[in-house]
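K.L.:
Below are the sequence and a predicted model for it; my questions follow.
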Number of protein chains: 2
Amino acid sequence: MTTESRRGARRSRATTLTDVARLAGVSVATASKALNGRDQVKAETRVRVVEAAERLSFSPNALARGLLQGRSGTVGLITSDLDGRFSIPVLMGAEDAFGTGSVSVFLCDARGDAIRERHHVNALLSQRVDGLIVVGYQTDPRPSLGPDLPVPVVYAYAPSESPDDVSITADNVEAGAMAVEHLLSCGRRRIAHISGDPTYTAAQDRSRGALRALDDAGLSMVGDQTYFGAWTEAWGRAAARLVHRQHPDLDAIFCGSDQIARGVLDTLGELGRDVPRDVSVIGFDNWEAIATGARPALTSIDMNLETIGERAAKRLFRAIDGDAPSGVESVSCRLVTRESTLTLD
Amino acid sequence: MTTESRRGARRSRATTLTDVARLAGVSVATASKALNGRDQVKAETRVRVVEAAERLSFSPNALARGLLQGRSGTVGLITSDLDGRFSIPVLMGAEDAFGTGSVSVFLCDARGDAIRERHHVNALLSQRVDGLIVVGYQTDPRPSLGPDLPVPVVYAYAPSESPDDVSITADNVEAGAMAVEHLLSCGRRRIAHISGDPTYTAAQDRSRGALRALDDAGLSMVGDQTYFGAWTEAWGRAAARLVHRQHPDLDAIFCGSDQIARGVLDTLGELGRDVPRDVSVIGFDNWEAIATGARPALTSIDMNLETIGERAAKRLFRAIDGDAPSGVESVSCRLVTRESTLTLD
DNA sequence: CTGAAAGCGCTTACAG
DNA sequence: CTGAAAGCGCTTACAG
């Protein structure tokens, strides 16, 4: 560590509206109106005030304004797994919807700990946030923060257990059907489904959707079951070997995650089966680095997490304005086609 | 979307210190002192006030306090690539250091856009943050926000171009040496280095460190160069094929990223070379999902990004308290050993 | 069109 | 040990 200088804390007092008013030769009341676009101000006066504000690099004190107006212009975002891949896109979508600069977002990571979550909620309430978004890392319903909070709350990705809350989540049932329908449209008929931890609602939902789509086509799953296991490459490798041994005639595998799909691709390669000629493979999550790095690149389902974040932010806005229809809203997933399911005819 | 109820915005006014004081039968001044642990309060009175506060679920208004004290108890964190993998750990480390509840963190994603960054800085200054942390997604020095900000700034991962600023970054030179030294300690002597985009300072630094370590051991790089390319699996596959053709006697490959390493593993497998028996492979980034999913699991270098975040937060605290030694501080990386470099003798 | 005054919720000298 | 008063920086009726 180099220590080139040691600056003290002698930072000058920030300029206030009073400074601006003085420089412009008006009262603070008039200065306030001028800067906030109120219309009872002579044009010429407004110009003088605006110029003064610029000269002094005036930055209005949001704390004072918030105190007075009862709105802070801030929102709290509580996540439970920042390092996971699911919260971030939701968070980005929300940030987008809030708009640069108009609303500032507090971020807290509760690390899946209820106590820590409580602490964060209290801190945010103390900061007088105008609302909260709670982001989960899986679609299993989570406990509600309760009906007694002084600000509106929207649950994103992981819906709240309470029907009185507002939740936005992904439609994994539809997504499962979407994956299977894509494989069917590629001419596949002997479709297996290898997925992750069966205790995840998401895993069950995708499986149900897949089953429904197969049913609608008069088909059933290869092996008459979903091969549940873990959300890992290792499970993908092992499961593919197992399924292939029992059903060497399969012509497609729907994988519950892109990581599982990577493992499946490895095994199929070792078994000498060409993807996509012999077997089509579709993943889930559309995790760019994983899906595009695969050989062949993986077709996948994208949960549109940014959209979930955006919707959550918009619903929160509405709720802050007093319009809060409760219930769960699902966002549709989308198919992202790559080489692993290319039809070659 | 179900619409089960439509709650209005009729949220009751938050309880204030005045309410608490009234219930406790004291003045607001005394209530304030009691709750803030000032010692000029009779024990019995304090108890009454605390009980009243609890009964009313009193949450002190941080805006009012901040306005008065000139400190908001908030900090701004500006990142340029939330979706990237580098900002998040830094951010988590910082959050940890700030401590749950005592400081609230505003998060902004500038998306690598200077204009947007300016907007965010202004918004944060308006919110009267006590300080800023700017997180980059690569170690190339970035433009300073300038010396004229009213609050201290710490740059994390991407250092500031200005030596007058405070920056915390990763020591990639040392890391390069560390990787090579590990391979040497595994008994390897014919070491190649395949890396990513050569315009990244990180790529150059790692290469320099590797070269130094080889030099110190009286060795040189296989092919007498670093094979620069892209940070992708595809490049790892291609480069491994190339290097192996020219130098089939190589016994280790130091990869500039875990993704590159995955590609290298694939190619070595296809060429019938056993890892780690014939060739040791080491990656970089310690990207869990990628490194542990590989077969064999990848030894890798972890940049300790959480530590960078922690240090940044601590330095920011010191700077807020007026103690701001400027310059760049580097954080050491660490080796995470897995199977891809296991010594088998 | 402009400004004096009140007040948002809190803390901190200052008297008592 | 307790409380009345001033004030942080702003906005908003209300007079003029």
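P.N.:
Here it is on my side, so go on. Numbering: from 1, shown residues only, chains lettered A, B, ... in the order given.

K.L.:
Mark out where each domain of chain A begins and ends.
P.N.:
A:17-60, A:73-170+A:305-332, A:172-302 (automatic domain parsing).

K.L.:
could you dump those domains to JSON lines with distance to chain B?
P.N.:
Just so you know, the C-beta spots here come from the backbone N, C-alpha and C atoms, and that holds for glycine as well. As requested, these are exported to JSON lines (distance: least, C-beta to the nearest C-beta, whole Å):
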{"stretch": "domain A:17-60", "distance to chain B": "5"}
{"stretch": "domain A:73-170+A:305-332", "distance to chain B": "3"}
{"stretch": "domain A:172-302", "distance to chain B": "4"}
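
K.L.:
Reformat those into CSV and put mean pLDDT next to each item.
P.N.:
Shown next, in CSV, are the domains of chain A (pLDDT from 0 to 100):
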stretch, mean pLDDT
domain A:17-60, 93
domain A:73-170+A:305-332, 92
domain A:172-302, 97
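
K.L.:
got the contact list for the spatially most central residue of chain A?
P.N.:
By C-alpha atoms, centre = their mean, chain A has its centre lying nearest to residue A:90, at 1.7 Å. Going by C-beta atoms under 8 Å, 6 or more residues apart in numbering or on different chains, residue A:90 touches A:135, A:156, A:157, A:305, A:306, A:308, A:309, A:312.

K.L.:
In space, what's closest to residue A:169 - neighbours in sequence excluded?
P.N.:
residue A:159 (4.7 Å; C-beta to C-beta, 6 or more residues apart in numbering or on different chains).

K.L.:
let me redo that: residue A:234
P.N.:
Closest to residue A:234 by C-beta to C-beta, 6+ apart is residue A:263, at 6.3 Å.

K.L.:
hmm, back to that, look up how far residue A:84 lies from the residue nearest to residue A:169.
P.N.:
Per C-beta to C-beta, to the nearest Å, residue A:159 is found 17 Å from residue A:84.

K.L.:
Same check on residue A:146?
P.N.:
Applying C-beta to C-beta to residue A:146 and residue A:84 gives a distance of 25 Å.

K.L.:
May I have stretch A:293-304 as CSV, with CA atoms only?
P.N.:
Taking C-alpha atoms only, stretch A:293-304 is exported to CSV below (Å, rounded to 0.1, in the frame of the first residue of the first chain):
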residue,chain,number,x,y,z
GLY,A,293,-19.6,-22.5,-24.4
ALA,A,294,-21.1,-25.9,-25.0
ARG,A,295,-20.4,-27.9,-28.1
PRO,A,296,-22.8,-27.8,-29.8
ALA,A,297,-24.2,-24.6,-28.3
LEU,A,298,-27.2,-25.3,-26.2
THR,A,299,-30.8,-24.4,-27.0
SER,A,300,-32.3,-23.3,-23.7
ILE,A,301,-35.3,-21.7,-22.0
ASP,A,302,-34.8,-18.2,-20.7
MET,A,303,-37.0,-17.3,-17.7
ASN,A,304,-37.0,-13.6,-18.6
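
K.L.:
The residue nearest to the centre of chain A: which element?
P.N.:
helix A:87-98 (DSSP states H and E).

K.L.:
for that helix, the distance to its chain's centre please.
P.N.:
Centroid separation for helix A:87-98 versus its chain: 6 Å, with C-alpha atoms, centre = their mean, to the nearest Å.

K.L.:
who touches the helix or strand just after it?
P.N.:
As assigned by DSSP H and E, the chain's next helix or strand after helix A:87-98 is strand A:104-109. Defining contact as C-beta under 8 Å, 6+ apart, one finds that strand A:104-109 is touched by A:73-82, A:91, A:94-95, A:98, A:120, A:123-124, A:127, A:129, B:74, B:77, B:91-92, B:95, B:104-108, B:123-124, B:127.

K.L.:
ok, back up a step: so which of residue A:159 and residue A:84 has more stuff around it?
P.N.:
residue A:159 (26 against 15; other C-beta atoms under 10 Å in any protein chain shown).

K.L.:
show me the contacts for that one.
P.N.:
A:136, A:139, A:141, A:142, A:165, A:167, A:168, A:169, A:328.

K.L.:
List the contacts of the fifth one.
P.N.:
Each residue near residue A:165 by C-beta under 8 Å, 6+ apart is listed here: A:144, A:153, A:155, A:159, A:326.

K.L.:
Pairing partners for the second one in the sheet, please.
P.N.:
In this case it means residue A:153. Judged by DSSP bridges, the bridge partners of residue A:153 are residue A:132.

K.L.:
what number of residues lie near it?
P.N.:
Around residue A:153 there are 23 residues (other C-beta under 10 Å).

K.L.:
Show the residue spans covered by the strands in chain A.
P.N.:
A:6-7, A:74-79, A:104-109, A:132-135, A:153-156, A:166-170, A:191-194, A:226-227, A:252-255, A:280-282, A:300-302, A:324-325, A:327-331, A:334-336 (DSSP state E).

K.L.:
Residue A:188 and residue A:280 touch, don't they?
P.N.:
Yes: Residue A:188 is in contact with residue A:280 according to C-beta atoms under 8 Å; the separation is 5.4 Å.

K.L.:
Mind listing the shared neighbours of those two?
P.N.:
Contacts common to residue A:188 and residue A:280, judged by C-beta under 8 Å, 6+ apart, are A:251, A:252.

K.L.:
From DNA strand C, how far off is the spatially closest residue to residue A:180 that is not a sequence neighbour?
P.N.:
Excluding the flanking residues, the one nearest residue A:180 by C-beta to C-beta, 6+ apart is residue A:213, at 3.8 Å. Note on residue A:213: its distance to DNA strand C, by C-beta to the nearest atom of the strand, to the nearest Å, is 55 Å.

K.L.:
Tell me which residues touch residue A:213, please.
P.N.:
A:176, A:177, A:178, A:180, A:181, A:184.

K.L.:
Residue A:28 now?
P.N.:
For residue A:28, counting by C-beta under 8 Å, 6+ apart, the contacting residues are A:17, A:18, A:21.

K.L.:
give me that answer again for 10 Å
P.N.:
A:16, A:17, A:18, A:19, A:20, A:21, A:22 (C-beta atoms under 10 Å, 6 or more residues apart in numbering or on different chains).

K.L.:
so which of the residues you listed is the most crowded?
P.N.:
That'd be residue A:20 among those, by other C-beta under 10 Å, with 26 neighbours.

K.L.:
the helices in chain A, which residues?
P.N.:
A:17-24, A:28-35, A:43-55, A:62-69, A:87-98, A:114-126, A:172-185, A:201-216, A:233-246, A:258-270, A:288-293, A:305-320 (DSSP state H).

K.L.:
Out of the contacts of residue A:165, which comes closest to DNA strand D?
P.N.:
residue A:153 (25.9 Å; C-beta to the nearest atom of the strand).

K.L.:
Surely the closest one is in contact with residue A:144?
P.N.:
Yes: if you go by C-beta atoms under 10 Å, residue A:153 and residue A:144 touch, sitting 8.2 Å apart.

K.L.:
Can you check which residues contact both of the two?
P.N.:
Contacts common to residue A:153 and residue A:144, judged by C-beta under 10 Å, 6+ apart, are A:134, A:160, A:165, A:167.
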